[in-house]
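> Have a look at this fold, sequence not included:
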Ligand SMILES: [Ca+2]
């Protein structure tokens, strides 16, 4: 049953100070404008006056040209403070424009990372959620679904669980990622929800390193090489102890959270 309790907020970013620096610890932006552009703007918001727009104008230019990541709990030049909860829900509203599309590149299916948890002392070990093409091919460039990493690191040994629920374009979407670590074993659970519908449930996730004491949490637009220029807008990003409900939920499709 859905919980009606108020969540404890470990973190909340609504951008209402008009800048991302007041709420996030770091922006991972390999190159600056005009290739990677982060704008706290008023043109398109989910709540309040501001939201943050992430745009990659030249994602074919290399790794630093296709990476915009808002980090919490990882200040530049410091290891601490970091985040250490064994169980957390990462959520946020993301506007995906009607023009958004991915394409096959580098012998991979097109993908875009939305949320991840990155362990500080081995930064390639990151349980995460992604959006990807349902099937590789030009007919599926806008047929996008969610997936979660089941095993592996950034390189090799990768395995994903993939939803079959299509991501609506041209609207705000509410994305929730649940992550539980089974310390001291390098295993855990990942779940994902799209607009309050549970689309992913990975009870047997494992990572090469999965149980360091600290990690950072991220909301982003990071894609694989050779992609089209793309942008999204994020608003109302949270880390909470229980599933974060929204006021405009219209039905009870939310499944069990435990
Ligand atoms: Ca806002």
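Cool, the structure landed. Treat the numbers as computed from the prediction; the structure is a model and nothing was measured.

> what's the weakest-modelled helix or strand in this protein?
strand 26-29 (a mean of 84; mean pLDDT, DSSP states H and E).

> What is it packed up against?
strand 36-41, strand 67-72 (3 or more Cβ pairs under 8 Å, 6 or more residues apart in numbering; DSSP states H and E). To be clear about C-beta, it is placed using only N, CA and C from the backbone, and glycine gets the same treatment.

> and these, which one's lowest on average pLDDT?
Ranked by mean pLDDT, these bottom out at strand 67-72, with a mean of 92.

> where does residue 139 fall, phi/psi-wise?
The phi/psi pair for residue 139 (degrees, to the nearest 10) reads phi -70, psi -10.

> roughly how far apart are residue 169 and the ion?
Here residue 169 is placed at a distance of 21 Å from the ion (Cβ to the ion, to the nearest Å).

> so of the helices and strands packed on strand 26-29, which one's packed in deepest?
strand 67-72 (a mean of 21; mean count of other Cβ atoms under 10 Å).

> what's it in contact with?
11, 13, 20, 23-30, 36, 38, 52, 54-56, 83, 216-222, 234, 237, 239 (Cβ atoms under 8 Å, 6 or more residues apart in numbering).

> where does the stretch 1-150 of the chain come near the ion, residue by residue?
14, 15, 47, 48, 50, 51 (Cβ under 5 Å from the ion).

> hang on, isn't the fifth one packed against residue 40?
Yep, that's residue 50 we're talking about. Yes. Contact criterion Cβ atoms under 8 Å: residue 50 and residue 40 qualify, at 5.3 Å.

> joint contacts of the two?
Once Cβ under 8 Å, 6+ apart is applied, the residues that residue 50 and residue 40 both contact turn out to be 15, 18.
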